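>>> sequence and computational prediction follow.
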Amino acid sequence: MNGEKITKVVLFVSSLLILFLAAGMVYTLLNGAIPAFNKFGWNFIFSSEWNPTEGKEEYGALSFIVGTLLTSILALLLCIPMSFSASLFLGEYYKNTKIANILGSMVDLLAGIPSIVYGLWGFYVIKPLIVDLGFNEQGFGIFTSALILSIMIIPYATSLSSEIIKMVPNELKEAAYSLGATQGEVIFNVIIPTARSGIVASYILAFGRALGETMAVTMLIGNANIIPKGLFDTGNTMASVIANQFGEAEGLKLSSLIAIGLLLFLITGIVNSIGKLIINKLS
Amino acid sequence: MKKLIVLFIAIAFLSACNDFSQSGKEENKKVTITAAGATFPMPFYNMVFKNYTKSTGILLTYGGIGSGGGIRSLKDKIVDFGATDAFLSDEKIKSMPAEIVHIPTCLGAVVIAYNLPDVKGIKLTNDLLEGIFMGKITKWNDEKIKANNPDINFPDKDITVVHRSDGSGTTYIFSDFMSKVSDVWKTEVGKGKSLKWPCGIGAKGNPGVAGTIKQTPGTIGYIGSEYAFAQKIPVALLQNIAGNYIEPNVESISAAAKTDIPDDTRVMLTNSADPEAYPISGFTWIILYKDQDYDGRSKNQAMETVKFLDWLISKDAQDVTKKVHYSPLPETTVEKAKQILRTVNYGGEKLL
């Protein structure tokens, strides 16, 4: 066998391995989730009842689905203006200057901080701030966790979209300038349309991270298994309820937690496909 | 340079091998006992396990993974014994692969801890507890709370209930007590290791609830007593059956066990009739298989496990309980526990 063939085989086997891993994971989740879906059917998704008391057991995932989507969407909304301006600053206005380089590495540094550190910071700094501002009495809730989530995903979105903005060919920009366009016009008529699909992709990646985030959210959301009544009410997310309750869970409860894991897997998949669709349409 | 590095790695590798073979030899002589379960008695276990290792050289490890986890670990036969705050029901015992026994190890209390700046010694009746934990009393300056504590000046603050977000033996003891004193609680919430909470926020583990209460003014919650005392969080005085307001301490927790204890010690001590008793007290148990000859365990391993448990209920170990705010077992219970331990055997052979 020559070198090329060996390389081919190695690459093929590793790719196949990924496929097997993904398939195995889906299989385990499906297998574990069957008892819960058998018992509750569609109600599992549309009911917000979560009662683990023996004899009265009933599980529904709606409140966690709502909590997850609410915190993540809110985090994305808070993240977009910040990271969009920062990426324009880094990728266009101050491109390749000293200050942009320093800021750029700071952003990368922020992206690498473990989520538990954000959680700690949120617990000791953001939560008391929310109380002091009078939003709610104890500081826990949807808004607090969305705030910390948005701070966590801003570096992701910023770092990626500034790279993509940097990659817009100079010829295009120079052509626009030579036609007499102002910097603002260049940004909105040349750079953004060219980099659009990449920018959207970076936000989808950031949103995906917000969906699955566990530790920081658990520490700040209040872990109340209810559908939140407002932005400052407490709630719970899918990832957080699994992390909290799997240790003692058995039987139907364990199956329900695995089913929530499956739903989270599906939601992440759907978000990714929607993202791919948007990117294809835009480019 | 390269050669040097290779040489260095080779030496490191060889010496590592050497270490390994030595420790391997020692393990032949010494036994390692593994246990896992409840977090509620963990401060006590950590301390006595360390003492025992110091005096005998037998290595003991304890994983605080929760009562349910402890039961499951024993069921899967991956530990020498499990620990739980809620005794196993007859049904649960039957679902275990072999007959098990319960050995009580100490008495603990679940305290009602709160965070109100400058307010100490709140007295709560069972009605007030019901109102607060059912989410019906929502303000600290509620007339009912004020009427019961005329000397305290309560702030106009929302009450935030903090409960466990994970399953827990502490929750079981607390909800067992609440079900005994409140019909509303019994029908709407019930008892269990995890519940459908009518109000409040959740935090993970005893340390999590303690931390949240300590950090957040206006909160109230239930935690294992040691976690409140260690962090100096104020606790409420509760009214027992006799109508006395009782502070949780070594004496009042012990008093809860001054009642008839069944021979297998499986009893909840909450809401004790003793006039001096703190009402939310309870045993915490270690569970193990009655026949220790399973899964190819050596007789030596079984012997050391039982010997350790016998020491754990001896005066030597029981004296440690007070240092970490638990209460020692009463004499009569120690006798019963010793009897139970003497029924543990190795394929029919006596171990003690």
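Nice, thanks for sending it over. What you see is a predicted model; the values in this text were computed from it and never measured.
>>> C-terminal to the helix or strand residue A:186 falls within, which secondary structure element comes first?
Counting by DSSP states H and E, the element that carries residue A:186 is helix A:183-186. Sequence order places helix A:192-212 as the next helix or strand after helix A:183-186, per DSSP H and E.
>>> where's the closest residue in space to residue B:63 that isn't next to it in sequence, which helix or strand?
Nearest residue to residue B:63, sequence neighbours excluded (CB to CB, 6 or more residues apart in numbering or on different chains): residue B:36, at 3.8 Å. For glycine as for every other residue, the C-beta is placed from the backbone atoms N, C-alpha and C. Element membership for residue B:36 (DSSP H and E) is strand B:32-37.
>>> which outside residues touch that strand?
B:45, B:58-67, B:69-71, B:73, B:78-84, B:286, B:301, B:304-305, B:308 (CB atoms under 8 Å, 6 or more residues apart in numbering or on different chains).
>>> of those residues, grab the buried ones for ChimeraX.
This is the ChimeraX syntax for the buried subset of those, where burial follows 16 or more other CB atoms under 10 Å in any protein chain shown:
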select /B:45,58,60,62,63,64,65,66,67,69,70,71,73,79,80,81,82,83,84,286,301,304,305,308
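>>> now, the contacts of strand B:32-37 that are in helices?
B:45, B:67, B:69, B:70, B:71, B:73, B:301, B:304, B:305, B:308 (DSSP state H).
>>> next, count neighbours for residue A:186.
Using other CB atoms under 10 Å in any protein chain shown, the number of residues around residue A:186 comes to 20.
>>> so residue B:228 sits against residue B:209, correct?
No. Contact criterion CB atoms under 8 Å: residue B:228 and residue B:209 do not qualify, at 9.6 Å.
>>> list the buried residues for the helix holding residue A:186?
Of all the residues in helix A:183-186, those buried under the rule 16+ other CB under 10 Å are residue A:186.
>>> equivalent analysis for stretch B:38-52, please.
Within stretch B:38-52, judged by 16+ other CB under 10 Å, the buried ones are B:38, B:39, B:40, B:41, B:42, B:43, B:44, B:45, B:48, B:49, B:52.
>>> columns pLDDT, distance to chain A and secondary structure on top of the residues you listed, output as TSV?
Output for the buried residues of stretch B:38-52, formatted as TSV (pLDDT from 0 to 100; distance: CB to the nearest CB, whole Å; DSSP: H, G, I helix; E, B strand; the rest coil):
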residue	pLDDT	distance to chain A	secondary structure
B:38	89	11	coil
B:39	85	10	coil
B:40	87	13	coil
B:41	91	16	coil
B:42	91	14	helix
B:43	90	19	helix
B:44	93	21	helix
B:45	94	18	helix
B:48	94	24	helix
B:49	94	21	helix
B:52	93	27	helix
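>>> between those, which is nearest residue A:209?
Nearest to residue A:209 among the buried residues of stretch B:38-52: residue B:39, at 30.9 Å, using CB to CB.
>>> and that closest one, what does it touch?
Residue B:39 makes contacts with B:64, B:65, B:66, B:168, B:170, B:205, B:206, B:207, B:224, as judged by CB under 8 Å, 6+ apart.
>>> disregarding residues adjacent in the polypeptide, which is nearest to it?
residue B:64 (4.2 Å).
>>> with adjacent residues omitted, what lies nearest to residue B:186?
Residue nearest to residue B:186 in three dimensions, not counting chain neighbours: residue B:179, with 4.3 Å by CB to CB, 6+ apart.
>>> one more: residue B:96?
Nearest to residue B:96 is residue B:75, by CB to CB, 6+ apart, at 5.8 Å.
>>> now the closest residue to residue B:268 other than its chain neighbours: how far from residue B:280?
Spatially, and ignoring its direct neighbours in sequence, residue B:268 is nearest to residue B:176 (5.2 Å; CB to CB, 6+ apart). Going from residue B:176 to residue B:280 by CB to CB, to the nearest Å gives 9 Å.
>>> now residue B:125
14 Å.
>>> then residue B:213?
Taking CB to CB, one finds residue B:213 at 16 Å from residue B:280.
>>> next one: residue B:215
In terms of CB to CB, residue B:215 sits 24 Å off from residue B:280.
>>> ok, the two, which is more surrounded?
Between residue B:215 and residue B:280, residue B:280 has the larger neighbour count (other CB under 10 Å), namely 30 against 15.
>>> residue A:54: what secondary structure?
coil (DSSP: H, G, I helix; E, B strand; the rest coil).
>>> pick out the residue of the stretch 51-200 of chain B closest to chain A.
residue B:167 (2.8 Å; CB to the nearest CB).
>>> contacting residues for that residue?
Contacts of residue B:167 by CB under 8 Å, 6+ apart are A:52, A:245, A:247, A:248, A:249, B:66, B:67, B:68, B:193, B:194.
>>> for PyMOL, write a command that selects the buried ones of those.
Filtering the contacts of residue B:167 down to the buried ones (16+ other CB under 10 Å) takes a single PyMOL command:
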select buried, (chain A and resi 52+245+247+248+249) or (chain B and resi 66+67+68+193+194)
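>>> where does the chain dip in pLDDT?
Since you didn't name a chain, this refers to chain A. The model of chain A has pLDDT under 70 over residues A:1, A:283.
>>> hm, I was asking about chain B
Using pLDDT under 70, chain B drops low at B:1-29.
>>> return the residues of chain A in contact with chain B.
A:49-56, A:123-124, A:127-128, A:131, A:137-140, A:218, A:222-225, A:234, A:236, A:243-245, A:247-250 (CB under 8 Å from any CB of the partner chain).
>>> out of the residues you listed, list just those in strands.
A:50, A:51 (DSSP state E).
>>> please indicate which of the residues of chain A next to chain B are buried?
A:50-53, A:123, A:127, A:131, A:137-140, A:218, A:222-225, A:234, A:236, A:243-245, A:247-249.
>>> the strand or helix carrying residue B:226 - contacts with which helices or strands?
In the assignment (DSSP H and E), residue B:226 maps to helix B:225-230. Where contact means 3 or more CB pairs under 8 Å, 6 or more residues apart in numbering or on different chains; DSSP states H and E, helix B:225-230 is packed against helix B:42-56, strand B:100-114, helix B:205-215.
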